[in-house]
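Undergrad: Predicted model follows, preceded by the sequence.
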Amino acid sequence: MNVLGDRRRRALLLTLASLAGWLGWEVLRRPHHPYGDLTGGHYTDHLSHLNAARLLPRAGLDLWRKPLTALLRPLTLEERARLPDDVKSAAYPRGEAYFVPGWPADKPMIASWSFNPRFYPPGDAVLFAPVALLYHFTSLSFARANLLALCLLLIYAHLSLYLLHRATEGEPLRALTLLIAYFPIIHWTLEGFYDGALLAPLIACALLLGQRRGIAALFAFCVAASIHFRAFFYAPWAIAAAILVLRERQWRSWAARGWAMAAGCGLLSIAALVPFAILQPALGSLGYTNAAALHQMRPEALVLAAIACVASILLLRARSWLELATLVWMTAMLFSLHQAEQWHAVVLLAWLCAPAAGSDVALAVQARLWFVLGATAVVFRDSPVPTWLAQVFA
């Protein structure tokens with residue numbers, strides 16, 4: 001018990017040291033673009049989420065039904081000219097700035113991809129709500145709001161990193177998997193993507209599933225799904241949690257907390273599935289950036305199939321049935337994706353670092369490592385080599 005406690009204290013200290021280091025770097029670095037992203041004005045996801053959180057109470061379900069171009073009118077040239085300099089950096093040259101009645105004139109609606117509805121469940125608004133409220137109701141500037149948003153994302157990402165430490169305790173290849181996970185999580189968080197925050201509830205789901213706490217695992221999955229649709233990559237985990245509840249009739253021992261989590265599962269499922277259903281026409285009309293999309297039958301699709309076959313053979317030998325189900329489902333999802341960008345690969349890290357199961361745990365871990373690295377390279381065109389660190393030291 002003392003050894004386990006020492007490991008967890010060490011993991012907590014390492015996580016806090018990393019968080020303090022990156023928060024300090026983000027706040028103190030110069031020059032600092034108003035967007036705050038590592039690349040310096042290229043990525044706009046965080047500021048889009050921040051402003052979408054402001055708009056959600058007014059737009060309601062229309063946020064997923066209609067693009068911003070249909071919901072709001074663009075700013076006039078005169079209105080743009082009166083904007084503060086840091087807001088002008090977002091209004092020009094992209095020009096995706098919109099007037100919202102009742103909003104402060106110097107804080108308009110600014111978001112990227114404004115010709116589409118918002119492709120995110122309402123949980124992203126909850127994540128960004130603290131900064132959105134400060135920005136909307138105080139004198140906080142646009143640049144400072146973006147900086148605060150990035151700092152908040154770093155906190156979320158490090159919560160995920162701490163849970164990754166917990167999930168890999170005693171696992172084979174622990175140091176390697178943690179190293180592979182750490183750099184992309186930090187990289188894409190510094191660029192303003194909240195994918196790192198998604199890992200925390202997914203890893204919690206895996207941990208709770210291993211403890212046979214069915215309703216708690218299902219609740220954690222529903223939290224993840226309400227935060228990001230890419231949580232659906234792990235649908236087999238939710239099914240396994242539901243089967244566990246039903247097969248063992250776990251509801252017979254639930255106290256008030258168990259029933260509250262069951263009710264929470266229902267509400268969070270609605271929060272995730274209703275926007276997802278509304279968005280289906282828009283999602284289906286997206287163009288393809290996924291070179292491994294099955295219908296295109298490009299070489300990348302064949303390579304992904306080969307990678308999945310090798311991983312499947314290894315998991316069969318390891319008798320890791322849930323791992324195998326996860327692999328099959330995840331491969332099907334990767335084949336059907338329209339859009340595949342580098343930061344999308346972060347979602348695969350939850351499986352890479354989740355507690356392994358089966359008669360040969362080491363073999364199961366190797367299979368996951370093979371698949372995650374292969375899919376990251378083939379589908380998302382990314383590498384575990386942290387070349388982005390050159391930007392940090394530039």
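TA: The structure has been received and is ready for your questions. Note that the coordinates shown come from a computational prediction; the quantities given were computed from them, not determined experimentally.
Undergrad: wait, isn't Ala241 in contact with Leu209?
TA: Yes - taking CB atoms under 8 Å as the definition, Ala241 is a contact partner of Leu209 at 5.7 Å. Any C-beta I mention is one placed from the backbone N, CA and C, and that applies to glycine too.
Undergrad: Give me the common contacts of those two.
TA: By CB atoms under 8 Å, 6 or more residues apart in numbering, Ala241 and Leu209 have these common neighbours: Ala217.
Undergrad: Tell me which residues are up against the worst-scoring helix or strand of the chain on mean pLDDT.
TA: The helix or strand of the chain with the lowest confidence, counting by mean pLDDT, DSSP states H and E, is helix 85-91 at a mean of 85. Residues outside helix 85-91 that contact it (CB under 8 Å, 6+ apart) are 33-35, 41, 44, 47, 75, 80, 83, 96-97, 106-108, 110, 141-143.
Undergrad: If we use 6 Å, what do you get?
TA: Residues outside helix 85-91 that contact it (CB atoms under 6 Å, 6 or more residues apart in numbering) are Pro34, Arg80, Leu83, Ala97, Ile110, Ser141, Phe142, Ala143.
Undergrad: Only the buried residues of it, if you could.
TA: Across helix 85-91, burial judged by 16 or more other CB atoms under 10 Å covers Asp86, Val87, Ser89, Ala90, Ala91.
Undergrad: Quick check: chain neighbours aside, which residue is closest to the last one?
TA: Pointing back at Ala91 there. Nearest residue to Ala91 in three dimensions, chain neighbours excluded: Ala97, at 4.0 Å (CB to CB, 6 or more residues apart in numbering).
Undergrad: Quickly list what that neighbour is bridged to.
TA: Ile110 (DSSP bridges).
Undergrad: Contacts only, for it.
TA: Residues counted as contacts of Ala97 (CB under 6 Å, 6+ apart) are Leu75, Ala91, Pro108, Ile110.
Undergrad: Give me the distance from stretch 184-195 to the chain's centre.
TA: Per CA atoms, centre = their mean, to the nearest Å, the displacement of stretch 184-195 from the mean C-alpha position of its chain is 9 Å.
Undergrad: Residue ranges of each domain in this protein, please.
TA: Using automatic domain parsing, the domain parsing of the chain gives 45-150, 286-394.
Undergrad: The protein: strands as residue ranges?
TA: According to DSSP state E, the chain carries its strands in the segments 73-74, 97-99, 109-110.
Undergrad: so which of those strands comes closest to Gly358?
TA: strand 109-110 (48.4 Å; CB to CB).
Undergrad: quick one: that closest one to chain centroid distance?
TA: Remark: strand 109-110 is offset 22 Å from the chain centroid, using CA atoms, centre = their mean.
Undergrad: what does stretch 335-347 give?
TA: Remark: stretch 335-347 is offset 11 Å from the chain centroid, using CA atoms, centre = their mean.
Undergrad: for it, what is the average pLDDT?
TA: Across stretch 335-347, the average pLDDT comes to 96.
Undergrad: Could you do stretch 368-384 as well?
TA: Averaged over stretch 368-384, pLDDT sits at 95.
Undergrad: who touches the closest residue to Leu334 other than its chain neighbours in this structure?
TA: By the measure of CB to CB, 6+ apart, the closest residue to Leu334 outside its immediate chain neighbours is Val379, 5.3 Å from it. Counting by CB under 6 Å, 6+ apart, Val379 touches Ala292, Leu334, Ala340.
Undergrad: Quick check: the last one touching Ala291?
TA: Think Ala340. No - using CB atoms under 6 Å, Ala340 makes no contact with Ala291, being 7.3 Å away.
Undergrad: So for those two, which residue has more residues nearby?
TA: Just comparing Ala340 and Ala291: by other CB atoms under 10 Å the higher neighbour count belongs to Ala340, 21 against 17.
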